[in-house]
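>>> Quick one, what's the 3D model for this:
(one chain, ligands or ions: 1)
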Amino acid sequence: MLACLHDFDLRLQVSAGSSTIYEVTMWTYLALPSIRLKNVGWAMLDKMIKLIVLDADGTIWSHHDASALVAPFEIVSCDVIQDKYHSTVRLNDGIREFLNYVRENGILLSLASWNEPENVFSLLSLFGIDGFFVFPVVEPHPNKHVMLQKIVSGLSQRGVKVLPEEILYIDDRDVHLEEIRSSVGNVKFLRYGVDVGNWYDALDKVKCVIVRRRSL
Ligand SMILES: [Mg+2]
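Next comes the predicted model:
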């Protein structure tokens, strides 16, 4: 059990290389109201998540390589799109609810996707979710840390300062995390499909932070 704020800070540092331990530690901490009220004021929790950055392939939608799709695209249903050769892209369960809740509660959303941008932006637009993302970065290289830096820089130029600790990054793979943490800082991380089974799970975790923040 966490005994004081110093212990909490120490755990964040020690577990920085393990997304799962970090994440569990954070939510466990938030679930302990007596300790929370004793040691943490509004300012700290208010800073906990200011920006959520999502991966696209395998995270927002089921398809694992949007760059391989061939336009034109056809809307099959509100959550399903097909390309010229009938390859299917399906929005993952709960993503619309997640995006809506996060935006309504004042947390910024952005996108970092290793893809050719044209297909990704077409899909976002056809699914009707493109408007949720500020400074989305879609580039054909694996350097997610560079994309996150661009997002943070873009926000900064608009007068919105976001610290690394205030960013929650959600991706179905953790291969980019080490570079992100060494270049950007101690970004929080949830692995889609592992730390959260779907977007309803992710929504529950974000709700937990927001509700507890309000209750302080
Ligand atoms: Mg992915």
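
>>> contacts and neighbour counts: CA atoms only from here.
Noted.

>>> Look up the closest residue to L126, ignoring the ones flanking it.
Nearest-residue entry for L126: I75, 7.3 Å, with adjacent residues in sequence omitted and distances by CA to CA, 6 or more residues apart in numbering.

>>> so the one you found touches D83, yeah?
No. Between I75 and D83 there is no contact under CA atoms under 8 Å: 9.0 Å.

>>> ok, back up a step: could you say which helix or strand holds the residue nearest to L126?
strand 74-77 (DSSP states H and E).

>>> Tell me which residues are up against that strand.
81-84, 126 (CA atoms under 8 Å, 6 or more residues apart in numbering).

>>> Closest one of these to E166?
Using CA to CA, L126 is the member of those that sits closest to E166, with 30.1 Å.

>>> Run a quick neighbour tally on the closest one.
Neighbours of L126 under the rule other CA atoms under 10 Å: 17.

>>> Strands along this structure, start to end?
Here the chain has its strands, by DSSP state E, at 51-54, 74-77, 80-82, 88-90, 108-114, 137-139, 167-171, 188-191.

>>> The ones you listed: which one's closest to the ion?
strand 167-171 (5.8 Å; CA to the ion).

>>> Tell me the strands beside that closest one, with direction?
Paired strands of strand 167-171, with direction, are strand 51-54 (parallel), strand 188-191 (parallel) (DSSP bridges).

>>> before we move on, the earlier item: let me have the strands of the chain in JSON lines, extended by mean neighbour count.
Formatted as JSON lines, those follow (neighbours: other CA atoms under 10 Å):
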{"stretch": "strand 51-54", "mean neighbour count": "23"}
{"stretch": "strand 74-77", "mean neighbour count": "13"}
{"stretch": "strand 80-82", "mean neighbour count": "19"}
{"stretch": "strand 88-90", "mean neighbour count": "20"}
{"stretch": "strand 108-114", "mean neighbour count": "22"}
{"stretch": "strand 137-139", "mean neighbour count": "20"}
{"stretch": "strand 167-171", "mean neighbour count": "23"}
{"stretch": "strand 188-191", "mean neighbour count": "22"}
